[in-house]
Structures are given as structure tokens and as C-alpha cells.
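Trainee: 3D, please:
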Amino acid sequence: MELVKTIFLFIATALAEIVGCYLPWLWLKKDHSAWVLLPAAANLALFVWLLTLHPQPAGRVYAAYAGVYLAVALVWLWAVDAVRPTVTDWLGAGFCLIGVMIIMVGAGKSGAQ
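Mentor: Take a look at the predicted model:
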């Protein structure tokens, strides 16, 4: 159950980071109002706070989070940018998620903090 909770926390973290970076991109590339920088900053602050909620050491969290971020970014690509990820995109994300599971499950079994 802890692993499922961790994965959902990683997904929320990834969404906060992506939104926090996407809004300034809209401002810089798509001529949106500079006001989008306020919710962007709030989302990036949320992103940082969410990373602190993990019980594992920071380096392990960052390593495992990277794989989840990649998968969430592909879903964002599809849902927001309207670009369908390729089979190789999904294959790469699958390998990364296997790595996430190895890191997080292995850490839990070894009791290593």
C-alpha cells in the first residue's frame, strides 16, 4: 500500500512541476500574460513541498521520481500538446518505471534510509 501511495505522490509532484514549467513556457512562447507566472511559482513551490513528503532520502526520491516524471510528461504530451507518443516513447517510459519500482521496492526491502 505504501508503494501505491508513493506512486500517486510522485504523479502529483510531476503534475505540479510540469504545470509550473508549462505556464512560463506559455508566457515566453505563446505570448500569454505575465500573470501566468504567479500560478507557475505556486506550482513550483508545491512541487518542492511534495518532494519533501517522501520518507526516503532525497537522492533516492529524485532518482525514482525522474522515471515517474517521464511517464507523466508523455501523458501531458498527449493530453495537452495533442501529440500522440510513439511506441518507443512508451517503451522507454516502461523501462524507466521498471527502474522506479526496483529503486523503491529495493529500498523498502533493505530497510535502507
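Trainee: Point out where the protein drops to low pLDDT.
Mentor: 108-113 (pLDDT under 70).
Trainee: Strands along that one, start to end?
Mentor: With strands called from DSSP state E, the chain shows none.
Trainee: For the residue nearest to Asn43 when sequence neighbours are not counted, give its distance to Trp35.
Mentor: Spatial nearest neighbour of Asn43, excluding adjacent residues (CB to CB, 6 or more residues apart in numbering): Gly20 at 3.5 Å. The way it works is simple: take the backbone N, C-alpha and C, and place the C-beta from them, glycine included. Gly20 sits 15 Å away from Trp35 when distances are taken as CB to CB, to the nearest Å.
Trainee: Tally up the residues packed near the nearest residue to Trp76 once chain neighbours are set aside, please.
Mentor: Distance criterion CB to CB, 6+ apart; nearest residue to Trp76, sequence neighbours excluded, is Ile18 at 5.4 Å. Neighbour count for Ile18, taken as other CB atoms under 10 Å: 19.
Trainee: Can you tell me how far Ile18 is from Gly106?
Mentor: 27 Å.
Trainee: Ok, Trp25 next?
Mentor: 35 Å.
Trainee: How about Ala42?
Mentor: 34 Å.
Trainee: List the buried residues in stretch 28-47.
Mentor: Going by neighbour count (16 or more other CB atoms under 10 Å), the buried part of stretch 28-47 is 36, 40, 43-44, 46-47.
Trainee: Excluding covalently adjacent residues, which one is nearest to the most centrally placed residue in the chain?
Mentor: When CA atoms, centre = their mean is applied to the chain, the residue found nearest the centroid is Ala14 (2.3 Å). In space, and not counting its chain neighbours, Ala14 is closest to Val72: 3.8 Å by CB to CB, 6+ apart.
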